[in-house]
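Student: Starting from these lines, generate the structure:
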Amino acid sequence: MTSRSVLQNTFLICKFVLSSIQQHSGLSYFLFSLAAASAFGTGIHGILTAQSNISLRVFSAGINGGISGATFFSIRDFAVSPLLVATLHFAQYERRRQESDTVENLKWAEIRTDRLLDSAVSGSLTGGILRGMTRNLRGVSSGAISAGLICTLLQYMYNESRIIRLEYLVHQREPYATSSPRNIASNETGNPSRPWTERLLQTIGIKAVSDEEHLIMLKEQRNAHLKRIAEIEEDVKREKGG
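Tutor: Model (predicted):
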């Protein structure tokens with residue numbers, strides 16, 4: 001295949017995928033990140049292996065990464081996913097037909113297998129199309145198999161990252177969710193949390209006195225003092241009378 005035909009095929013791919021990018025708000029940012037990652041990886045590999053024309057290789061890798069990502073998402077979102085949702089009767093696609101694809105309704109296993117088949121089929125189609133248009137028809141099967149496996153693995157890794165993030169959020173919310181029951185239980189038992197100094201004094205036999213108990217002790221001391229004063233006054237009167 002001549003270089004002119006390769007450029008023509010590449011132009012057709014770009015024309016096809018650019019219309020899809022405009023309809024996705026966050027897709028352009030993701031494609032830019034993918035292109036940057038491809039260019040960065042190619043640049044590092046070129047530096048380590050001392051290859052020539054590194055700048056041209058980096059530019060080519062960035063373009064290829066962006067085109068590959070745009071082609072993949074265009075095929076998956078506009079062709080493969082709608083077709084699978086409309087035809088398959090698995091639980092995942094039944095849920096997506098009912099538009100109940102919310103995190104609250106999903107289990108870990110459902111999140112882990114979310115869109116794996118979509119990405120596998122889309123990756124195979126993307127790899128076969130790009131390999132056939134840029135190389136030759138004999139490389140379609142190998143490109144389809146390789147791209148399908150890679151896209152499936154990447155989708156699975158993305159699903160696992162979603163699970164890790166959700167588990168982190170759940171653990172972050174647990175102290176707030178359990179704080180109220182703990183407070184209620186402590187109020188019902190009458191044993192609120194005490195400072196460590198009070199617990200330490202109690203272990204050596206020194207008991208902390210509450211305000212109510214301290215008031216009772218003061219009243220008892222006052223009554224004892226009043227009684228003692230009355231006894232002293234009686235003694236003084238008897239001495240004067242005697």
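
Student: C-alpha from now on. contacts and neighbour counts both.
Tutor: OK.

Student: got the domain boundaries for this protein?
Tutor: 3-183, 196-241 (automatic domain parsing).

Student: quick one: average confidence on stretch 223-241?
Tutor: Mean pLDDT, stretch 223-241: 84.

Student: Show me the helices in this structure, by range?
Tutor: For the chain, applying DSSP state H gives helices covering 3-21, 27-48, 54-75, 81-87, 91-97, 108-112, 116-134, 140-189, 196-203, 211-241.

Student: Out of those helices, indicate the one that is most buried.
Tutor: Mean neighbour count (mean count of other C-alpha atoms under 10 Å) peaks for helix 116-134 among the helices of the chain, with a mean of 23.

Student: Touching, residue 124 and residue 144? I think so.
Tutor: Yes. At 4.0 Å, residue 124 counts as touching residue 144 under the criterion of C-alpha atoms under 8 Å.

Student: Run through this protein and note the low-pLDDT ranges.
Tutor: 1-33, 100-105, 174-210, 242 (pLDDT under 70).

Student: mind redoing it with 80?
Tutor: Applying pLDDT under 80 to the chain flags residues 1-43, 46-47, 50-56, 58-59, 61-62, 99-106, 134-138, 170-214, 240-242.

Student: How many neighbouring residues does residue 49 have?
Tutor: Using other C-alpha atoms under 10 Å, residue 49 is surrounded by 9 other residues.

Student: what about residue 69, distance to residue 124?
Tutor: Distance of residue 69 to residue 124, given as C-alpha to C-alpha, to the nearest Å: 13 Å.

Student: for residue 219, that is, sorry about that
Tutor: To residue 124, residue 219 is 89 Å away according to C-alpha to C-alpha.
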